[in-house]
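1. need the 3D shape of this:
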Amino acid sequence: MGERVVIALGGNAILQPGQEATYEIQLENVRKSAEVIARIINNGHTVVVTHGNGPQVGNILRQNEEAKHVVPAMPLDVCSAESQGFIGYMMEQSLRNELLKLNNQAPVAVTLTQTEVSADDPDFQDPSKPIGVFYSEEEANKLAEEKGWIVKEDAGRGYRRVVASPEPKSILGSKVIQQLSEAGTIIVAGGGGGVPVVKQADGTYKGIEAVIDKDRSGFKLAEEIKADTFMILTDVENVYVNYGKPDQKALTEISLEEAQGYVDEGQFSAGSMGPKMEAAMNFARTGGRAIICSLDKADLAMEGKSGTHIVG
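-> Prediction:
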């Protein structure tokens, strides 16, 4: 029996560091990702793909700034939706094409996804997630005054706008995604963590300017659609402890207890592997299978031949 698998693609699957952000380059990266995912689908699994959008939203925000005297700028939640749209288009087209090469007629669809967060999330009180382009201190302070932005110095490289990165509470539309998945449709959903929205007193929803961590959102999506496996794809084959040191060790299959021990030791950086381990462990606690592995060996990881597997 095939499994229902939520696959979370890292940003390098769409745009790698140092690459020019042209449509052609991003499409080719997406095609390579789709080639691997298509093999997993062809092995009998039903896949829901989610993905990052950091570089793309950053470029949309820059376009806003460059053209603000000609075209009105859009808020961050709308920019997130824009990026979901064009990345989803590339992903759907690429998955269809790669499946056709395998004579696989599985239907593919994209859902533009909203993610509910709490307006009371503590991260809104002290935003720290940098987005967009770098500014001089003078430019940043002027923009902060004009637009009500919060700006902070970023690692000696200049000043950037910072926004909240709240915890995802629920994925709007997850029931529809689950139903489509159960019917055999391959879904692309929750791009960039989903468009952040808050629920108002009357039960309606409203967009809010924030950035949701895509691995946390991916876990929430996997949990809500009752996935069997949650797979986080990155640029390394395994999770490592003592990374970069002479005694570095690749983790293959570990228990939740072992994983928590490594977290308590501070083995995983908050800016890289930390959120991935947190999301994978949360899914393993639900009784599912959590895998962190490299993109190019994702099909082997599904067979237990590669990657780090966390079991409850």
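2. and Ser217, what does it touch?
-> Going by Cβ atoms under 8 Å, 6 or more residues apart in numbering, Ser217 touches Thr50, Thr115, Pro168, Ile171, Gly190, Gly193, Gly194. Bear in mind the C-beta positions are built from the backbone N, C-alpha and C, glycine included.
3. closest to Val78 among the residues you listed?
-> Gly194 (13.5 Å; Cβ to Cβ).
4. now the nearest residue to the closest one once chain neighbours are set aside: how far from Gly271?
-> Sequence neighbours aside, Thr115 is the residue nearest to Gly194 in space, at 3.0 Å (criterion: Cβ to Cβ, 6 or more residues apart in numbering). Thr115 sits 21 Å away from Gly271, going by Cβ to Cβ, to the nearest Å.
5. who has more neighbours out of these two?
-> Neighbour tally, Thr115 and Gly271, criterion other Cβ atoms under 10 Å: the higher count belongs to Thr115, 28 against 7.
6. now do the strands in the stretch 101-250 of the chain.
-> Along the stretch 101-250 of the chain, counting by DSSP state E, counting those that start in this stretch, strands occupy 108-111, 114-116, 129-135, 150-153, 159-163, 170-172, 186-189, 195-199, 205-207, 229-234, 239-241, 249-251.
7. helices and strands around the second one, which ones?
-> With contacts defined as 3 or more Cβ pairs under 8 Å, 6 or more residues apart in numbering; DSSP states H and E, the packing partners of strand 114-116 are strand 170-172, strand 195-199.
8. contact partners of it?
-> 168-173, 190, 193-199, 205, 212, 217, 220.
9. would JSON lines of the helices and strands packed on strand 114-116 with distance to Tyr135, mean pLDDT and mean neighbour count be doable?
-> Below are the helices and strands packed on strand 114-116 laid out as JSON lines (distance: least, Cβ to Cβ, whole Å; pLDDT from 0 to 100; neighbours: other Cβ atoms under 10 Å):
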{"stretch": "strand 170-172", "distance to Tyr135": "34", "mean pLDDT": "98", "mean neighbour count": "20"}
{"stretch": "strand 195-199", "distance to Tyr135": "23", "mean pLDDT": "98", "mean neighbour count": "21"}
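10. those: which one's closest to Gly158?
-> strand 195-199 (25.4 Å).
11. for the helix or strand bottoming out on mean pLDDT in the chain, buried residues please.
-> Ranking every helix and strand in the chain by mean pLDDT, DSSP states H and E puts strand 129-135 at the bottom, with a mean of 80. Judged by neighbour count using 16 or more other Cβ atoms under 10 Å, the buried positions of strand 129-135 are Lys129, Pro130, Ile131, Gly132, Tyr135.
12. the third one touches Val163, doesn't it?
-> Spelled out, it's Ile131. Yes. Ile131 is within contact range of Val163, at 5.8 Å (criterion: Cβ atoms under 8 Å).
13. shared neighbours, those two?
-> Shared between the contact lists of Ile131 and Val163 (criterion: Cβ under 8 Å, 6+ apart) are residues Leu76, Val211.
14. pull up the pairing partners for the least confident helix or strand of the chain, direction included.
-> Next to strand 129-135 in the sheet, as set by DSSP bridges, lie strand 159-163 (antiparallel).
15. show me what the strand it pairs with is in contact with.
-> Strand 159-163 is contacted by residues 76, 127-137, 139-141, 143, 149-154, 209-211 when judged by Cβ under 8 Å, 6+ apart.
16. before we move on, what about stretch 164-178?
-> Contacts with stretch 164-178, where a contact means Cβ under 8 Å, 6+ apart, come from 48, 111, 113-118, 121, 123-124, 127-129, 187, 189-190, 193-194, 196-197, 205, 209-213, 216-217, 220-221, 224-226.
17. which of the residues you listed are buried?
-> 48, 111, 113-117, 121, 123-124, 127, 129, 187, 189-190, 193-194, 196-197, 209-213, 216-217, 220-221, 224-225.
18. surely Ile7 touches Ile37?
-> Yes. Ile7 is within contact range of Ile37, at 6.3 Å (criterion: Cβ under 8 Å).
19. overlap in contacts of the two?
-> What both Ile7 and Ile37 touch, as defined by Cβ under 8 Å, 6+ apart, is the set Val47, Val49, Ala298.
20. distance-wise, check the last one relative to Asn43.
-> It refers to Ala298. Taken as Cβ to Cβ, the span from Ala298 to Asn43 is 11 Å.
21. ok, those two, which is more surrounded?
-> Set Ala298 next to Asn43 and count neighbours by other Cβ under 10 Å: Ala298 wins out with 23 against 12.
22. for stretch 38-57, how far is the first residue from the last?
-> End-to-end distance for stretch 38-57, by Cα to Cα, to the nearest Å: 26 Å.
23. for Leu102, give its distance to Ile7.
-> For Leu102, the distance to Ile7 - Cβ to Cβ - is 17 Å.
24. higher neighbour count, those two?
-> The neighbour comparison of Leu102 against Ile7 (other Cβ under 10 Å) goes to Ile7, with 28 against 13.
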